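Colleague: What follows is a predicted structure for the sequence shown.
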Amino acid sequence: DAGVIQSPRHEVTEMGQEVTLRCKPISGHDYLFWYRQTMMRGLELLIYFNNNVPIDDSGMPEDRFSAKMPNASFSTLKIQPSEPRDSAVYFCASSLALSRLGGPNEKLFFGSGTQLSVL
Amino acid sequence: GQQVMQIPQYQHVQEGEDFTTYCNSSTTLSNIQWYKQRPGGHPVFLIQLVKSGEVKKQKRLTFQFGEAKKNSSLHITATQTTDVGTYFCAGPGGSYGQNFVFGPGTRLSVLP
(Lines give C-alpha, C1' and ligand atoms only; values in the text may rest on other atoms or scores of the structure.)
Protein backbone atom coordinates (compact mmCIF):
# COMPACT_ATOMS: atom_id res chain seq x y z
CA ASP A 1 0.00 0.00 0.00
CA ALA A 2 1.28 3.49 -0.85
CA GLY A 3 0.12 4.95 2.45
CA VAL A 4 -1.61 8.29 2.87
CA ILE A 5 -0.74 10.56 -0.04
CA GLN A 6 -0.78 14.32 0.26
CA SER A 7 -0.16 16.99 -2.32
CA PRO A 8 1.49 19.32 -2.78
CA ARG A 9 4.48 18.72 -0.50
CA HIS A 10 5.26 22.41 -0.44
CA GLU A 11 3.10 25.41 -1.19
CA VAL A 12 4.20 29.01 -1.21
CA THR A 13 1.53 31.59 -1.84
CA GLU A 14 0.74 35.20 -1.23
CA MET A 15 -1.68 36.51 1.32
CA GLY A 16 -5.21 36.58 -0.02
CA GLN A 17 -4.77 33.68 -2.40
CA GLU A 18 -6.78 30.50 -2.27
CA VAL A 19 -4.94 27.37 -1.19
CA THR A 20 -6.13 23.80 -1.73
CA LEU A 21 -4.49 20.86 -0.03
CA ARG A 22 -5.23 17.33 -1.15
CA CYS A 23 -5.24 13.96 0.53
CA LYS A 24 -5.75 10.37 -0.54
CA PRO A 25 -6.28 8.09 2.46
CA ILE A 26 -5.31 4.45 2.68
CA SER A 27 -7.83 2.31 0.88
CA GLY A 28 -10.34 0.78 3.25
CA HIS A 29 -9.82 3.28 6.03
CA ASP A 30 -13.04 4.72 7.39
CA TYR A 31 -11.69 7.79 9.13
CA LEU A 32 -9.81 10.75 7.74
CA PHE A 33 -8.28 13.50 9.87
CA TRP A 34 -6.78 16.87 9.02
CA TYR A 35 -4.16 18.16 11.47
CA ARG A 36 -2.15 21.36 11.50
CA GLN A 37 1.29 21.49 13.11
CA THR A 38 3.09 24.62 14.28
CA MET A 39 5.85 25.19 16.77
CA MET A 40 3.58 27.25 18.98
CA ARG A 41 0.47 25.09 18.97
CA GLY A 42 1.77 21.62 18.19
CA LEU A 43 -0.52 19.15 16.45
CA GLU A 44 -4.05 20.51 16.24
CA LEU A 45 -6.99 18.55 14.93
CA LEU A 46 -8.89 20.64 12.43
CA ILE A 47 -11.61 18.27 11.26
CA TYR A 48 -12.28 14.59 10.81
CA PHE A 49 -14.54 12.50 8.60
CA ASN A 50 -16.16 9.13 9.06
CA ASN A 51 -17.26 7.41 5.87
CA ASN A 52 -16.89 10.71 4.01
CA VAL A 53 -19.14 12.58 6.45
CA PRO A 54 -17.66 15.42 8.55
CA ILE A 55 -18.05 14.49 12.20
CA ASP A 56 -16.28 17.23 14.11
CA ASP A 57 -15.07 20.48 12.59
CA SER A 58 -14.73 22.38 15.86
CA GLY A 59 -11.00 22.70 15.28
CA MET A 60 -11.38 24.61 12.05
CA PRO A 61 -9.98 28.04 12.89
CA GLU A 62 -12.29 30.27 10.89
CA ASP A 63 -14.73 30.39 8.04
CA ARG A 64 -11.77 30.82 5.75
CA PHE A 65 -11.11 27.11 6.23
CA SER A 66 -13.26 24.44 4.62
CA ALA A 67 -12.83 20.72 4.05
CA LYS A 68 -14.59 18.23 1.84
CA MET A 69 -14.51 14.52 1.25
CA PRO A 70 -16.46 13.82 -1.92
CA ASN A 71 -15.58 10.13 -1.89
CA ALA A 72 -13.71 7.55 0.14
CA SER A 73 -10.43 8.13 -1.66
CA PHE A 74 -10.12 11.89 -1.71
CA SER A 75 -10.31 14.88 0.60
CA THR A 76 -9.44 18.54 0.29
CA LEU A 77 -8.70 21.29 2.76
CA LYS A 78 -9.19 24.76 1.36
CA ILE A 79 -8.12 28.10 2.78
CA GLN A 80 -9.65 31.17 1.18
CA PRO A 81 -8.33 33.79 1.58
CA SER A 82 -5.03 32.65 3.04
CA GLU A 83 -3.16 34.69 5.66
CA PRO A 84 0.46 34.57 6.89
CA ARG A 85 -0.67 33.06 10.20
CA ASP A 86 -1.92 30.03 8.28
CA SER A 87 1.68 29.06 7.58
CA ALA A 88 2.18 25.59 9.02
CA VAL A 89 2.54 21.95 8.12
CA TYR A 90 -0.81 20.38 7.34
CA PHE A 91 -1.10 16.64 7.84
CA CYS A 92 -3.75 14.30 6.66
CA ALA A 93 -4.15 10.99 8.49
CA SER A 94 -6.42 8.01 8.13
CA SER A 95 -7.39 5.04 10.24
CA LEU A 96 -9.63 2.03 10.30
CA ALA A 97 -12.92 2.10 12.15
CA LEU A 98 -12.64 3.43 15.67
CA SER A 99 -14.46 1.98 18.61
CA ARG A 100 -16.72 3.84 20.95
CA LEU A 101 -15.37 5.43 24.09
CA GLY A 102 -13.84 2.85 26.34
CA GLY A 103 -12.39 0.70 23.63
CA PRO A 104 -9.09 0.74 21.77
CA ASN A 105 -8.67 3.25 19.01
CA GLU A 106 -7.04 2.28 15.78
CA LYS A 107 -3.71 3.86 15.05
CA LEU A 108 -3.32 6.82 12.74
CA PHE A 109 -1.39 6.67 9.51
CA PHE A 110 -0.08 10.11 8.57
CA GLY A 111 0.75 11.46 5.17
CA SER A 112 4.00 13.30 4.54
CA GLY A 113 2.31 16.64 5.04
CA THR A 114 2.08 19.89 3.11
CA GLN A 115 4.40 22.67 4.15
CA LEU A 116 2.40 25.85 3.58
CA SER A 117 4.01 29.26 3.55
CA VAL A 118 1.81 32.32 3.12
CA LEU A 119 3.79 35.45 2.39
CA GLY B 1 -11.88 19.68 27.16
CA GLN B 2 -9.32 16.99 27.58
CA GLN B 3 -5.71 18.11 27.81
CA VAL B 4 -2.61 16.01 27.35
CA MET B 5 0.65 17.37 28.68
CA GLN B 6 4.18 16.14 28.21
CA ILE B 7 7.44 16.82 29.96
CA PRO B 8 10.11 17.69 29.26
CA GLN B 9 9.62 19.83 26.20
CA TYR B 10 13.21 19.28 25.10
CA GLN B 11 15.88 16.80 26.10
CA HIS B 12 19.49 16.72 25.02
CA VAL B 13 21.42 13.57 25.84
CA GLN B 14 24.78 12.10 25.03
CA GLU B 15 24.64 8.98 22.92
CA GLY B 16 24.41 5.99 25.23
CA GLU B 17 22.51 7.83 27.95
CA ASP B 18 18.94 6.95 28.88
CA PHE B 19 15.94 9.13 28.10
CA THR B 20 12.44 9.34 29.56
CA THR B 21 9.43 11.40 28.57
CA TYR B 22 6.25 11.66 30.60
CA CYS B 23 2.68 12.15 29.49
CA ASN B 24 -0.17 13.30 31.72
CA SER B 25 -3.85 13.60 30.96
CA SER B 26 -6.45 15.71 32.70
CA THR B 27 -8.91 12.83 32.38
CA THR B 28 -8.80 9.07 32.56
CA LEU B 29 -7.87 7.55 29.22
CA SER B 30 -9.28 4.38 27.75
CA ASN B 31 -5.96 3.94 25.96
CA ILE B 32 -2.90 5.89 25.00
CA GLN B 33 -0.77 5.86 21.90
CA TRP B 34 2.79 6.98 21.26
CA TYR B 35 4.14 8.39 18.01
CA LYS B 36 7.58 9.40 16.82
CA GLN B 37 8.26 12.18 14.35
CA ARG B 38 11.71 12.46 12.83
CA PRO B 39 12.93 15.95 11.89
CA GLY B 40 11.17 16.98 8.69
CA GLY B 41 9.00 13.88 8.78
CA HIS B 42 5.54 12.89 9.84
CA PRO B 43 4.32 11.20 13.03
CA VAL B 44 4.66 7.43 12.96
CA PHE B 45 2.77 5.14 15.31
CA LEU B 46 4.92 3.33 17.87
CA ILE B 47 2.58 1.58 20.27
CA GLN B 48 -0.77 1.55 22.02
CA LEU B 49 -1.37 0.85 25.71
CA VAL B 50 -4.79 -0.16 26.94
CA LYS B 51 -4.62 -1.81 30.35
CA SER B 52 -4.00 -0.15 33.69
CA GLY B 53 -0.36 -0.59 34.70
CA GLU B 54 0.53 -2.06 31.32
CA VAL B 55 4.19 -2.23 30.33
CA LYS B 56 5.33 -2.92 26.78
CA LYS B 57 8.81 -3.11 25.32
CA GLN B 58 10.15 -2.57 21.85
CA LYS B 59 13.86 -3.29 21.86
CA ARG B 60 15.36 -0.36 23.79
CA LEU B 61 12.00 1.39 24.25
CA THR B 62 9.82 0.73 27.30
CA PHE B 63 6.30 2.11 27.50
CA GLN B 64 4.20 2.26 30.66
CA PHE B 65 0.57 3.12 31.33
CA GLY B 66 -0.22 4.36 34.81
CA GLU B 67 -2.43 2.50 37.23
CA ALA B 68 -4.99 5.30 37.15
CA LYS B 69 -4.76 5.46 33.33
CA LYS B 70 -4.05 9.17 33.45
CA ASN B 71 -0.33 9.08 32.77
CA SER B 72 2.19 7.24 30.68
CA SER B 73 5.91 7.20 30.07
CA LEU B 74 8.37 6.27 27.36
CA HIS B 75 11.86 5.25 28.37
CA ILE B 76 14.71 4.72 25.93
CA THR B 77 17.74 2.82 27.15
CA ALA B 78 21.16 3.69 25.75
CA THR B 79 20.03 6.24 23.20
CA GLN B 80 21.36 6.21 19.67
CA THR B 81 21.45 8.95 17.05
CA THR B 82 18.62 7.17 15.28
CA ASP B 83 16.39 7.98 18.27
CA VAL B 84 16.46 11.69 17.41
CA GLY B 85 13.00 13.16 16.90
CA THR B 86 9.89 14.29 18.71
CA TYR B 87 7.88 11.81 20.73
CA PHE B 88 4.17 12.41 21.09
CA CYS B 89 1.59 10.75 23.26
CA ALA B 90 -2.03 10.83 22.13
CA GLY B 91 -5.27 9.93 23.81
CA PRO B 92 -8.85 9.56 22.64
CA GLY B 93 -10.84 12.76 22.54
CA GLY B 94 -14.14 14.12 21.40
CA SER B 95 -17.61 13.09 22.47
CA TYR B 96 -17.11 9.45 21.50
CA GLY B 97 -13.37 9.13 21.83
CA GLN B 98 -13.14 9.02 18.09
CA ASN B 99 -10.44 11.53 17.55
CA PHE B 100 -6.94 11.84 18.93
CA VAL B 101 -5.66 14.54 21.25
CA PHE B 102 -1.91 14.89 20.96
CA GLY B 103 0.43 16.12 23.63
CA PRO B 104 2.90 18.88 22.74
CA GLY B 105 5.69 16.35 22.32
CA THR B 106 9.20 15.94 23.70
CA ARG B 107 12.00 16.76 21.29
CA LEU B 108 15.00 14.50 21.78
CA SER B 109 18.47 15.41 20.61
CA VAL B 110 21.23 12.84 20.82
CA LEU B 111 24.80 14.05 20.70
CA PRO B 112 27.27 11.57 19.22
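Modeller: Sure, I can see it. Numbers count the residues shown, from 1 in each chain, chains lettered A, B, ... in the order given.

Colleague: by contact count, what packs against the lowest-mean-pLDDT helix or strand in chain B?
Modeller: Every helix and strand of chain B was ranked by mean pLDDT, DSSP states H and E. The lowest is strand B:99-102, at a mean of 87. Judged by 3 or more Cβ pairs under 8 Å, 6 or more residues apart in numbering or on different chains; DSSP states H and E, the packing partners of strand B:99-102 are strand A:31-38, strand A:42-50, strand B:85-93. In this view, the C-beta of every residue, glycine as well, is placed from N, C-alpha and C.

Colleague: Show me what from chain B comes close to chain A.
Modeller: B:30-31, B:33, B:35, B:41-45, B:48, B:50, B:88, B:90, B:92-105 (Cβ under 8 Å from any Cβ of the partner chain).

Colleague: Going through the residues you listed, which ones are buried?
Modeller: B:30-31, B:33, B:35, B:42-43, B:45, B:48, B:50, B:88, B:90, B:92-94, B:97-105 (16 or more other Cβ atoms under 10 Å in any protein chain shown).

Colleague: which non-adjacent residue is nearest A:Arg22?
Modeller: A:Ser7 (4.8 Å; Cβ to Cβ, 6 or more residues apart in numbering or on different chains).

Colleague: which residues sit in contact with that neighbour?
Modeller: The contact partners of A:Ser7, by Cβ atoms under 8 Å, 6 or more residues apart in numbering or on different chains, come to A:21-22, A:114.

Colleague: Go ahead and confirm B:Val13 touches B:Thr106.
Modeller: No - with contact defined as Cβ atoms under 8 Å, B:Val13 and B:Thr106 do not form a contacting pair (11.4 Å).

Colleague: Settle it for me: which of those two has more neighbours?
Modeller: Between B:Val13 and B:Thr106, counted using other Cβ atoms under 10 Å in any protein chain shown, B:Thr106 has the larger neighbour count: 22 against 15.

Colleague: Show the pLDDT at the residue nearest to that one when sequence neighbours are not counted.
Modeller: What sits nearest to B:Thr106 in space, not counting adjacent residues and going by Cβ to Cβ, 6+ apart, is B:Thr21, at 3.9 Å. Note for B:Thr21: predicted pLDDT of 98.
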